[in-house]
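Student: Here is the input, now give the coordinates:
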Amino acid sequence: MSFPLVLRRLLFLLFVLACVAIAVHAFTYLFRAFNPGNPFHASFAEAGWAVPGHFFAAGLALLLLPLQFAQRLRARWPGLHRVSGWLYVLAVLVGGVSGLILAPRALGGWATGTAFMLLALLWLGSTGMALYYALRRRFDAHRRWMLRSAALTFAAPTLRLHLVLGLAVFGLEFPPAYLLAAWLCWTLNLLVVEAYLRRRSRPSARALDTGLGSRPAGA
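Tutor: Numbers count the residues shown, from 1 in each chain. Okay, the predicted model is just below:
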């Protein structure tokens, strides 16, 4: 087994573990008692269904995300891939709409709220485009848009990562650390995906992929 293949599998394993960990955190958050001293609890207290809807739907999208990129599963059980794909789209729809409702209540005011509002809009839009191309059986375009959707879904784990880095490594106070995390958690993810897609679109990369018999990762 070559080193690049081992590295790719290790990265995918870390990706799966991060998705599961944050999904479980989101689900358990639904059962926590209300704490008026918690700024997050206080800011979301009047949001109604949006809080449980967002945490449950975003957690479900995270759990389903690795299934969309499991090539062996897609090849052996295409029906399961389609069902999990529809569930993913539904989860993003609920998570994105509830995210738009919660964004104006985000801790940190309009600057943080704008970041989360743009995230929700792009999440809904990229997933909608992925569905559009899947229904028209344009699977190459479908996979490209699913990679963008995945980058935005994965903003939940990277939000925590950037927040920890801001607080523990760079010694920032919570408000600026949270503001930076709100923007970096999805913009950097999208930049990485766009760089990857541009590299894959080069003739030399396409020729290499054809020679190896590989297919682009995606749903």
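
Student: Residue ranges in the chain under the pLDDT threshold?
Tutor: 1-3, 34, 39-46, 203-219 (pLDDT under 70).

Student: Residue 172: neighbour count?
Tutor: By other Cβ atoms under 10 Å, the residues close to residue 172 number 17. Any C-beta I mention is one placed from the backbone N, CA and C, and that applies to glycine too.

Student: residues contacting the residue nearest to the spatial centre of the chain?
Tutor: Residue closest to the average C-alpha location in the chain (Cα atoms, centre = their mean): residue 153, at 1.2 Å. By Cβ atoms under 8 Å, 6 or more residues apart in numbering, the contact list for residue 153 reads 58, 61-62, 65, 92, 123.

Student: And for residue 90?
Tutor: Applying Cβ under 8 Å, 6+ apart, the residues contacting residue 90 are residue 57.

Student: most surrounded residue in the contacts of residue 153?
Tutor: Neighbour max across those (other Cβ under 10 Å) = residue 61, 31 neighbours.

Student: And the helices in the chain?
Tutor: 3-29, 39-44, 50-68, 71-76, 78-102, 110-135, 139-153, 155-164, 174-200, 203-212 (DSSP state H).

Student: quick one: the nearest residue to residue 154 once chain neighbours are set aside and residue 63, what's the gap?
Tutor: Of all residues beyond its chain neighbours, the one nearest residue 154 is residue 189 (5.8 Å), with distances taken as Cβ to Cβ, 6 or more residues apart in numbering. Relative to residue 63, residue 189 is positioned 18 Å away (Cβ to Cβ, to the nearest Å).

Student: Buried by neighbour count: which residues of stretch 160-171 qualify?
Tutor: Neighbour counts using 16 or more other Cβ atoms under 10 Å place 160, 162-163, 166-167 of stretch 160-171 among the buried residues.

Student: before we move on, what about stretch 25-38?
Tutor: Neighbour counts over stretch 25-38 (16+ other Cβ under 10 Å) mark residue 26 as buried.

Student: That stretch spans what distance, first to last residue?
Tutor: 17 Å (Cα to Cα, to the nearest Å).

Student: Distance to residue 33 added to the contacts of residue 153, as a markdown table?
Tutor: Listed next are the contacts of residue 153 as a markdown table, based on distance: Cβ to Cβ, whole Å:
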| residue | distance to residue 33 |
| --- | --- |
| 58 | 21 |
| 61 | 26 |
| 62 | 24 |
| 65 | 29 |
| 92 | 29 |
| 123 | 29 |
